[in-house]
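> Next one to model:
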Amino acid sequence: MRIALVSLAAVAAVAAATPALANEARVEARGGVIWDGSNSDAVAGVAAGYDYDLGDKLFVGVQGSADKILTDNTRVSWGAGGRIGVQPIPGTKVYALADWESKNCKYCNSAVGVGGGVQQDMGSRYYVKAEYQHLLVGDNTPDADRGLVGVGVKF
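Numbers count the residues shown, from 1 in each chain. Sure, this is the predicted structure:
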């Protein structure tokens, strides 16, 4: 019994002395523009995600989003995806991203988005970010591009 208690105390002491990883949850509001070969429209939305550290500089993350093209006859497009990136300096994340997005109108197609972005901390809890995505729509529908800027909070 003493061995179990001493072992448990040793594990607790090591865990308490281990520096905390910067794994973090985040939520954000975002907006921007979406365009194809002939049209451009404003976009607004929200996203939530969680980043996992893979050492000092590397991270991976998962994200869910809800975005709306701000025109008539469109609906909220729900997205799920992830990102992988580096932290070249403390407080800055540069990443590649990919996600799947649901239809944004009744007769539209879902899309796969690929792109990248940069996220910059503004203090210890808040951040700003900018992203670009190329949306691969398919079914002879023209692809689209999207640029977003966002502000968020980390937990």
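
> beta partners of the residue nearest the centre of the chain?
The centroid of the chain falls nearest to Gln63 when counting by C-alpha atoms, centre = their mean (4.7 Å). Legend: beta-bridge partners of Gln63 under DSSP bridges are Gly49, Gly81.

> residue contacts, it?
When contacts are counted by C-beta atoms under 8 Å, 6 or more residues apart in numbering, Gln63 touches 47-49, 79-83, 97, 99. Using the backbone N, CA and C atoms, a C-beta is placed for each residue, glycine as well.

> Repeat that for Leu135.
Contacts of Leu135 (C-beta under 8 Å, 6+ apart): 34, 101, 111-113, 143-146.

> quick one: which of these sit in strands?
34, 101, 111-113, 144-146 (DSSP state E).

> Could you export those residues to TSV, including columns for distance to Asp67, pLDDT and neighbour count?
Below are those laid out as TSV (distance: C-beta to C-beta, whole Å; pLDDT from 0 to 100; neighbours: other C-beta atoms under 10 Å):
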residue	distance to Asp67	pLDDT	neighbour count
Ile34	9	97	22
Glu101	8	96	22
Ala111	11	96	23
Val112	15	97	17
Gly113	10	97	22
Ala144	12	95	21
Asp145	14	97	16
Arg146	8	97	20
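
> Looking at the residues you listed, which one is closest to Lys68?
Nearest to Lys68 among these is Ile34, at 10.4 Å by C-beta to C-beta.

> Just give the closest residue to that closest one, not the sequence neighbours.
Once flanking residues are discounted, Ile34 sits nearest to Arg146: 4.5 Å by C-beta to C-beta, 6 or more residues apart in numbering.
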